[in-house]
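*Asks:* Okay, here's the prediction I keep looking at, along with the sequence it came from:
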Amino acid sequence: MTFENLNLIEPLLRALKTEGYSKPTPIQAQAIPVLLERKDLLGCAQTGTGKTAAFALPILHLLHQDELFVKGPVGIKALILTPTRELAIQIGDSFTAYGKHLRLSHTVIFGGVSQHTQVKALRDGVDILIATPGRLLDLMDQRYVKLQHLKMLVLDEADRMLDMGFIHDVKKVIARVPAKRQTIFFSATMPPEIASLANTILSNPVKVEVTPVSSTANTINQSVYFVEKGNKRKLLHHILQDRSIATALVFTRTKHGADRVAKQLNEAGIRAEAIHGNKSQGARQRALSNFKSRKTRVLVATDIAARGIDVEELTHVINFELPNVPETYVHRIGRTGRAGASGISISFCDEEEKEFLDDIQKIIGKKIPVVDDHPYPMIRAGMPKPISQPRTATQRNGHTQNSRPNGNHNPQTPAKRKKKWYPKR
């Protein structure tokens, strides 16, 4: 099947050809015909399946037709709600690419930056608005956003909006849009609260499901390295000596951990930047832009910050720390191997993370191959201890446990030496 078979208008087909797209992904092939019939859609699809185009192309197609044949009032016709700034920006980029030959305008609004530029764009008039919930509600309360003429509403990554605490904001927005509209609902998972929300806002939806969250793409080559926790940094540096790894997305569990890993890589001569919630919006966008343009070789991210990162030709995802939620592993490695491309996922596992690995293997339904041939294998029971042992507190102070600072032997314990050297006054 090609995009021509989906009966999209010629300006969209021309734009897709420029972008190098000829065949739709499964989610696009199933969703686009449904949406072109102006039906509601419930899509269950994880990131990396091509779902942005699955709703962007029909929105552009239908709004263009409406502009030609159904002249209506000026105002926002389509609203896309998304959980993160990065994802909102990338969706905006997609509308720019696909709609380059159409006279439809769009803008992106999100928090963490001044609203001045966003307000100016809204005053100039837009057909399509991509927004994060908090900033949208703020601008609605200030009367800069009016949705009375809305025809299409998209909720993208609804489960992530629930995880991030945005679900109440989303419900407030929904309460203020026209009841008569086309609604498009995408979520990678369907926890009870998300399923309930979908039932409330969708009208006789067509359900489309592609690659459930409990499975990983067959195009991703997965492997796990058992390694002592203290040797993970060395192992990461060792792996990145392979110059064929042009870019790598490295995951940590914490913001502090992301900063630390990025700093250590830079000290080792590997250009790296961290991206997480504590970074300013400008810093996050610069880091992502540098990574996409390959000025930065390694992007170190936390899970929430990485959701929505879409980097073409990303070949490697490295789990510096395994997630304690197995579904998160699927989302992480889904950054590579996207839209049918191949990818490589490497995971580090220390002693404390073995339970996490077991849970991951249960949910994906297969064992992840173990790589034993590396310089920093985990020391298992019955194996000799490594030659280099952790230094004692005395050694860290610059001398061995059996020597005084001046080099003379002293068999006394460190505690007794301290008392002798520093007598009570």
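*Replies:* Looks like it came in fine.
*Asks:* Residue 188 and residue 95: what is the separation?
*Replies:* 22 Å (C-beta to C-beta, to the nearest Å). For glycine as for every other residue, the C-beta is placed from the backbone atoms N, C-alpha and C.
*Asks:* and if you look at residue 89?
*Replies:* 11 Å.
*Asks:* now do residue 35
*Replies:* Distance from residue 35 to residue 95, by C-beta to C-beta: 15 Å.
*Asks:* go on, residue 130?
*Replies:* For residue 130 relative to residue 95 (C-beta to C-beta), the value is 7 Å.
*Asks:* same deal with residue 183?
*Replies:* Here residue 183 is placed at a distance of 18 Å from residue 95 (C-beta to C-beta).
*Asks:* before we move on, the earlier item: quick one, which of residue 89 and residue 95 is more surrounded?
*Replies:* With neighbours defined as other C-beta atoms under 10 Å, residue 89 and residue 95 compare such that residue 95 has more, 25 against 20.
*Asks:* Go ahead and name everything in contact with the helix or strand harbouring that one.
*Replies:* Element membership of residue 95 [criterion: DSSP states H and E] is helix 85-98. With contact meaning C-beta atoms under 8 Å, 6 or more residues apart in numbering, helix 85-98 is reached by 12, 15-16, 18-19, 52-53, 56-57, 60, 80, 82, 106-112, 128, 130-132, 156-157, 281, 284-285, 288, 305, 307-310.
*Asks:* Repeat the analysis, applying 6 Å as the threshold.
*Replies:* Outside helix 85-98, the residues that touch it by C-beta atoms under 6 Å, 6 or more residues apart in numbering are 15, 19, 52, 56, 60, 80, 82, 106, 108, 110, 130, 132, 308, 310.
*Asks:* now do stretch 173-189
*Replies:* 38, 40-43, 46, 51, 55, 147, 150-156, 158-159, 194, 198, 201-202, 213.
*Asks:* Generate a PyMOL selection restricted to the buried subset of these.
*Replies:* A single PyMOL command selects the buried members of these (16 or more other C-beta atoms under 10 Å):
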select buried, resi 40+41+42+43+46+51+55+147+150+151+152+153+154+155+156+158+159+194+198+201+202+213
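*Asks:* got the CA positions of stretch 89-109 in PDB?
*Replies:* The C-alpha atoms that make up stretch 89-109 are tabulated as PDB, following Å, rounded to 0.1, in the frame of the first residue of the first chain:
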ATOM      1  CA  ILE A  89       7.200  21.100  19.200                       C
ATOM      2  CA  GLN A  90       7.800  17.900  17.200                       C
ATOM      3  CA  ILE A  91       4.100  17.700  16.300                       C
ATOM      4  CA  GLY A  92       4.300  21.300  15.200                       C
ATOM      5  CA  ASP A  93       7.300  20.400  13.000                       C
ATOM      6  CA  SER A  94       5.300  17.600  11.400                       C
ATOM      7  CA  PHE A  95       2.400  20.000  10.600                       C
ATOM      8  CA  THR A  96       5.000  22.300   9.000                       C
ATOM      9  CA  ALA A  97       6.400  19.500   6.900                       C
ATOM     10  CA  TYR A  98       3.100  17.900   5.800                       C
ATOM     11  CA  GLY A  99       1.200  21.200   5.300                       C
ATOM     12  CA  LYS A 100       3.900  23.100   3.400                       C
ATOM     13  CA  HIS A 101       1.800  23.300   0.300                       C
ATOM     14  CA  LEU A 102      -1.500  24.300   2.100                       C
ATOM     15  CA  ARG A 103      -2.700  27.700   3.300                       C
ATOM     16  CA  LEU A 104      -3.500  26.400   6.800                       C
ATOM     17  CA  SER A 105      -1.700  28.000   9.800                       C
ATOM     18  CA  HIS A 106      -0.700  26.400  13.100                       C
ATOM     19  CA  THR A 107       1.100  27.300  16.300                       C
ATOM     20  CA  VAL A 108       2.500  25.500  19.300                       C
ATOM     21  CA  ILE A 109       2.000  26.700  22.900                       C
END
